[in-house]
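Enquirer: Just a sequence and a predicted model for now, questions to come.
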Amino acid sequence: MSETNPLDIVLGFVRTVEAGGGSGELARFLTEDFTLTEWPHALSRNGSVRTRQETLAGADDAKSIVAEQRFEVVRTTTEGNRVVLEMNWSAMLLLDLPHWDAGETIRARSTAVFELRDGLIASQDTYDCYYTLPS
């Protein structure tokens, strides 16, 4: 990977997810021992911890769940090899989920903490707060 700045690497990863990148496009950003920790939220009461392989498979599966993903990065903080992004996320649902119907836009305020090692993302912790806008 040509990027060496941790923030640039993380933003490249996020923009690839936003563009609908699947496992083939995302794998180049992640270490072999990458872990994704998704802390509990409205759609995952217990949260989850995923391996690199599970994360990449999830990226492929996401194409049948959401479209038009958008990440509005509100604030970034970088300290060494740790990058924190505060973002507004939205996507159009392609199927019904609890609290939302197919065709609706789902939204979340999200904070993601990335740890990098040797120019690759070694871990990501996400804290998502899903919400709806008043009608």
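Expert: Nice, thanks for sending it over. Numbers count the residues shown, from 1 in each chain.

Enquirer: And the longest helix along the chain, what does it pack against?
Expert: In the chain, assigned by DSSP state H, the helix with the most residues is helix 6-18. Contact here means 3 or more C-beta pairs under 8 Å, 6 or more residues apart in numbering; DSSP states H and E; on that basis helix 6-18 packs against helix 23-26, strand 66-79, strand 82-93, strand 105-117, strand 120-131. (C-beta placed from N, C-alpha, C; glycine too.)

Enquirer: list the buried ones in that helix?
Expert: By neighbour count on 16 or more other C-beta atoms under 10 Å, the buried set for helix 6-18 is 6, 7, 9, 10, 11, 12, 13, 14, 16, 17.

Enquirer: cool, and stretch 65-85?
Expert: 66, 69, 71, 78, 83, 84, 85.

Enquirer: can you check stretch 18-27 too?
Expert: For stretch 18-27, using 16+ other C-beta under 10 Å, the buried residues are 21, 22, 23, 26, 27.

Enquirer: Tell me what the closest residue to residue 58 other than its chain neighbours is bridged to.
Expert: Residue nearest to residue 58 in three dimensions, not counting chain neighbours: residue 50, with 6.7 Å by C-beta to C-beta, 6 or more residues apart in numbering. When bridges are called by DSSP bridges, residue 50 pairs up with residue 36.
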